[in-house]
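A.B. asks: Kindly return the folded structure for what I paste below:
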Amino acid sequence: MSEQTREEKVMLYSDEVLDNIKKNVLSKEDFFIEYDKLLNSYTKLLKRYKKIVKLSDAFNNSLVNDNKEISQKARAKIMNNASDQRKLKEKMAISMLSDKKQIEYLSKSLESAISEIRILKEKTKVRFIEKNKL
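C.D. replies: Next up, the predicted model:
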């Protein structure tokens, strides 16, 4: 036979007492004594049950608090990552804008350099032609 819990033992004992009462085996004094024993057993079981409920409530509350802390930390990390990404996008936009400005500046410089080269080629052609004419 497997080990019985305290609750199971009280239930079996109460069944026995109830059977004895039905058979009128117990006298009134015995009945009161047995009833008092049952009442004490049930009182102990009720106290034990309340302790278990308190323990499980405390455990659940600590679990909920832990989950709140974890979710708050996760939310903070996500918000930090989002703000970091926003800052990075802003920096990239600024750098892209400055890159565009630099490209425009360099292309204007290149165009002016090309036009100066053309002018210089023209001048050298003219000088070369003038030298050869003489």
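A.B. asks: After the lowest-mean-pLDDT helix or strand in the chain, which helix or strand is next?
C.D. replies: When the helices and strands of the chain are scored by mean pLDDT, DSSP states H and E, helix 6-22 comes last with a mean of 77. Using DSSP states H and E, the helix or strand that follows helix 6-22 in sequence is helix 28-133.
A.B. asks: Now do that next one against helix 6-22, angle only.
C.D. replies: Angle, helix 28-133 to helix 6-22, by axes from the mean of the first three to the mean of the last three C-alpha atoms, to 10 degrees: 150 degrees.
A.B. asks: Could you list every helix and strand in contact with helix 28-133?
C.D. replies: On a contact count with 3 or more C-beta pairs under 8 Å, 6 or more residues apart in numbering; DSSP states H and E, helix 28-133 meets helix 6-22. Where C-beta positions appear, they are placed from N, C-alpha and C, glycine not excepted.
A.B. asks: export the helix it packs on as CSV, just CAs?
C.D. replies: Output in CSV follows, covering the C-alpha atoms of helix 6-22 (Å, rounded to 0.1, in the frame of the first residue of the first chain):
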residue,chain,number,x,y,z
ARG,A,6,-2.4,13.4,6.1
GLU,A,7,-5.6,14.4,4.3
GLU,A,8,-6.3,10.9,3.1
LYS,A,9,-5.8,9.5,6.7
VAL,A,10,-8.2,12.1,8.1
MET,A,11,-10.8,11.2,5.4
LEU,A,12,-10.4,7.4,6.2
TYR,A,13,-10.7,8.1,9.9
SER,A,14,-13.8,10.2,9.4
ASP,A,15,-15.4,7.4,7.3
GLU,A,16,-14.8,5.0,10.1
VAL,A,17,-16.3,7.3,12.7
LEU,A,18,-19.3,7.9,10.5
ASP,A,19,-19.8,4.2,10.0
ASN,A,20,-19.6,3.7,13.8
ILE,A,21,-22.1,6.4,14.3
LYS,A,22,-24.5,4.8,11.8
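A.B. asks: thinking again about what came up before, name the residues of the least confident helix or strand of the chain that are buried.
C.D. replies: 10, 14, 17 (16 or more other C-beta atoms under 10 Å).
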